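Chemist: return a 3D structure for these sequence lines:
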Amino acid sequence: MAFVRVHKTFVPLEKMVEKWPNFAYQLWFASPDAERTLSTPDAIEKFLKAVFRIKGDAPVVWNVSENTMEKIGNPSLGKVWENQEVWNYYLQSFQREESLRGPLSYYKTRELNYRDELALVGKGRGIECPALFIGAKDDRALPPSTWGGQNWVKNLEMHSVAGGHWCLVENEGKEITPIILKWVEKVSKSSKL
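Modeler: Below you'll find the model as predicted:
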């Protein structure tokens with residue numbers, strides 16, 4: 001999820017999803033049910049197959065707030081995982097006991113993170129270090145309509161690329177890699193380090 005500027009009042013996840021339904025999956029990720037459900041190797045395999053989809057893969061419904069695993073069905077392996085060795089590595093890594101506890105905890109700690117960041121509210125504060133944002137035009141989780149309002153990031157450079165949520169691995173990163181390299185070169189020339 002993209003970093004969102006801290007506001008004076010906390011916005012519960014349910015209210016956020018009302019405004020931006022594309023984040024409905026976060027309701028399930030934040031629930032105790034998600035960690036319980038994703039505690040078996042078979043469930044983890046099914047889940048990974050469902051969420052790592054790119055253009056051209058058969059669509060899978062997973063951006064829902066409840067009954068997620070039922071709605072996922074029995075997805076095929078997507079094109080992201082064409083290299084069987086890479087798929088086996090990721091699958092084995094995620095199938096370790098409690099491997100999804102950390103990633104799912106991110107969605108459970110929204111209010112805690114909000115309280116930690118409250119000191120940044122007001123006072124004209126913002127992010128001043130150079131920042132790069134690359135958004136994918138066909139990203140359903142973070143669509144272009146959510147990219148605006150970043151004027152509080154003083155040195156932000158924004159780019160959009162073709163592809164969906166997993167644009168880093170689509171087209172072998174050929175569109176993203178030059179953007180990152182050019183940005184790193186520019187930032188390293190002006191760095192004070």
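Chemist: from here on, contacts and neighbour counts on C-alpha atoms
Modeler: Fine.
Chemist: mind listing what Leu168 touches?
Modeler: Taking Cα atoms under 8 Å, 6 or more residues apart in numbering, we find Leu168 in contact with Ile176.
Chemist: and what of Phe23?
Modeler: Met16, Val17, Asn63, Ala141.
Chemist: how about a cut-off of 6 Å?
Modeler: Applying Cα atoms under 6 Å, 6 or more residues apart in numbering to Phe23 gives the contacts Val17.
Chemist: can you read off the pLDDT for it?
Modeler: Here the pLDDT value assigned to Phe23 is 87.
Chemist: and the worst-scoring helix or strand of the chain on mean pLDDT, what does it pack against?
Modeler: In the chain, no helix or strand scores lower on mean pLDDT, DSSP states H and E than helix 110-117, which sits at a mean of 88. Counting contacts by 3 or more Cα pairs under 6 Å, 6 or more residues apart in numbering; DSSP states H and E, helix 110-117 is packed against no other helix or strand.
Chemist: how close does Ile6 get to Ala141?
Modeler: One correction, residue 6 is Val, not Ile. 20 Å (Cα to Cα, to the nearest Å).
Chemist: how about Phe47?
Modeler: In terms of Cα to Cα, Phe47 sits 16 Å off from Ala141.
Chemist: Glu117 too?
Modeler: Counting by Cα to Cα, the gap from Glu117 to Ala141 is 24 Å.
Chemist: more crowded one of those two?
Modeler: Neighbour comparison, Glu117 and Ala141: the larger count goes to Ala141, with 18 against 13 (by other Cα atoms under 10 Å).
Chemist: which strand or helix spans that one?
Modeler: Per DSSP states H and E, Ala141 falls between elements, in no helix or strand.
Chemist: strands of this protein, start to end?
Modeler: 131-136, 156-161 (DSSP state E).
Chemist: would you put the C-alpha positions of the last one in PDB?
Modeler: As requested, C-alpha coordinates have been extracted for strand 156-161 and formatted as PDB (Å, rounded to 0.1, in the frame of the first residue of the first chain):
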ATOM      1  CA  LEU A 156       8.800  13.500  -5.600                       C
ATOM      2  CA  GLU A 157       9.300  12.300  -9.100                       C
ATOM      3  CA  MET A 158       6.300  10.400 -10.500                       C
ATOM      4  CA  HIS A 159       6.200   8.000 -13.400                       C
ATOM      5  CA  SER A 160       3.500   5.700 -14.800                       C
ATOM      6  CA  VAL A 161       4.200   2.400 -16.700                       C
END
